[in-house]
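Student: Here is my input, please return the structure:
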Amino acid sequence: MNKKKIFQLIVISAFCVMVITSLIFFISCIEYSSAPQYSMTINESDHAVLTSTNGNGVKENFGVGLYNAPFHDAANSMHYSKYLEENESFTGYLYLSNQMSEANDFLVFCLFDYTQVPFETEDGYIQVTRILQLKPFEEVFFPFNLGTVSKGAHDFEIFVIMKPNEHSLNETFRRSTDISYLGSRRINVFVGNSTLVEPSYMHFDPEIYSSVCGSEYPVNNGILITKQPCSRTLWFTENVKPDDILDYSINAAADNRYPVSFALVALLDYIQVPVQIASKESTFFGRLEQGEKVSIPAQVQIPSLEGIHELMVVWMPAPYHKLEEKPGSPIHIPEGIWSTPSTRVGLNVTRF
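Tutor: Residues are numbered from 1 along each chain as shown. Down below sits the predicted model:
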């Protein structure tokens, strides 16, 4: 892609007024020759714009927003919270814009209290995931309905995964998925008079639970999934047999400036699976002290169906934190609230 086209794509997002977070994943010392640069911004209409580049130019640029009505303005934005009466259905509109010069597929799914949940679409279907096909520079409002939710305070996050049907085992593609091709918006949902309650976090005792990766490990405020604990070798593909148990490691790191609480969700073919099979918990909650870096053991049950399957883990910082004092006035959270994905690992399932 030439420089003129790159500039045109960047201009589309130039009206963004506030950079919420900018993550640059430097892993030059772990077989990572062209580290992607990733950023998320919130614009004046209150939707997130995700952009990432690599050595070949812009590889993703799309916008994600949550609205109460299909109007692209701040007045109809959910901002960072939604208030419901008891027995009121939780409905909304996902705003999605493909800000690329080619058509793209996007997969949509929802986590409610960090558990994947089905949602109803305007055509009456109830689904756990939904593929949306967008033309170049197309924008859509996608209505969803989660039905009634229980009384209390909750976290809700809607996710969009770009290129979900790309199953190439090519290393270039696999490398490009690191911290990329995923956008989301998180809000607090309040039903009745209620307050958020933080979960029980895992504190890491290296003697009984996890491996300490050391301060020099090249991950900061995020995760890297690898075959071995604290490995510096990126993991892209794996040949596996049907129904086997595959062990791997989720290497997690806090920023050097502040501690971080987080939730981890593992996805197999974009469906939530336990991070650790023995625990059977759908979500892993952890807390790291300032600068702490550990390796968390994980397992996945290999599908019976032969072919290429997708494994990824999503890092979600600051679960169950109140996100705004009042609509449109977000609370500053040092570690941020933006979810980021691991590399998509291509599991090549074959009997031989």
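Student: In this model Arg287 seems to touch Ala263, though I could be wrong.
Tutor: No. Applying Cβ atoms under 8 Å, one finds Ala263 not in contact with Arg287, separated by 10.6 Å. (Each C-beta comes from the backbone N, C-alpha and C, glycine too.)
Student: out of those two, which sits in the more crowded spot?
Tutor: Ala263 (24 against 17; other Cβ atoms under 10 Å).
Student: which residues does the more buried one contact?
Tutor: Tyr114, Pro199, Thr283, Phe284, Phe285, Gly286, Met316, Pro319 (Cβ atoms under 8 Å, 6 or more residues apart in numbering).
Student: Please tell me how far the last one sits from Phe262.
Tutor: Distance, Pro319 to Phe262, by Cβ to Cβ, to the nearest Å: 7 Å.
Student: residues shared between the contacts of these two?
Tutor: Residues touching both Pro319 and Phe262 (Cβ under 8 Å, 6+ apart): Phe285.
Student: In strands only, show me the contacts of Ala263.
Tutor: Counting by DSSP state E, the part of the contacts of Ala263 found in strands is Phe284, Phe285, Gly286, Met316.
Student: Out of those, the closest to Pro334 would be?
Tutor: Distance to Pro334, by Cβ to Cβ, is smallest for Met316 among these, at 15.1 Å.
Student: neighbours of that closest one, just the number please.
Tutor: 22.
Student: Equivalent analysis for Asp255, please.
Tutor: Using other Cβ under 10 Å, Asp255 has 18 neighbouring residues.
Student: Filter the contacts of Ala263 down to the buried ones.
Tutor: Buried residues within the contacts of Ala263, defined by neighbour count using 16 or more other Cβ atoms under 10 Å: Tyr114, Thr283, Phe284, Phe285, Gly286, Met316, Pro319.
Student: Which of these sits closest to Phe173?
Tutor: For these, the nearest to Phe173 is Met316 (24.5 Å; Cβ to Cβ).
Student: residues contacting the closest one?
Tutor: Residues in contact with Met316 (Cβ under 8 Å, 6+ apart) are Tyr114, Glu157, Arg186, Phe262, Ala263, Leu264, Val265, Ser339.
Student: What distance do you get for it to Phe285?
Tutor: As judged by Cβ to Cβ, Met316 and Phe285 stand 10 Å apart.
Student: go on, Gly214?
Tutor: 24 Å.
Student: thinking again about what came up before, now, which of the contacts of Met316 sits nearest Glu325?
Tutor: Nearest to Glu325 among the contacts of Met316 is Arg186, at 16.2 Å by Cβ to Cβ.
Student: count of neighbours near the closest one?
Tutor: For Arg186, the count of nearby residues is 20 (other Cβ under 10 Å).
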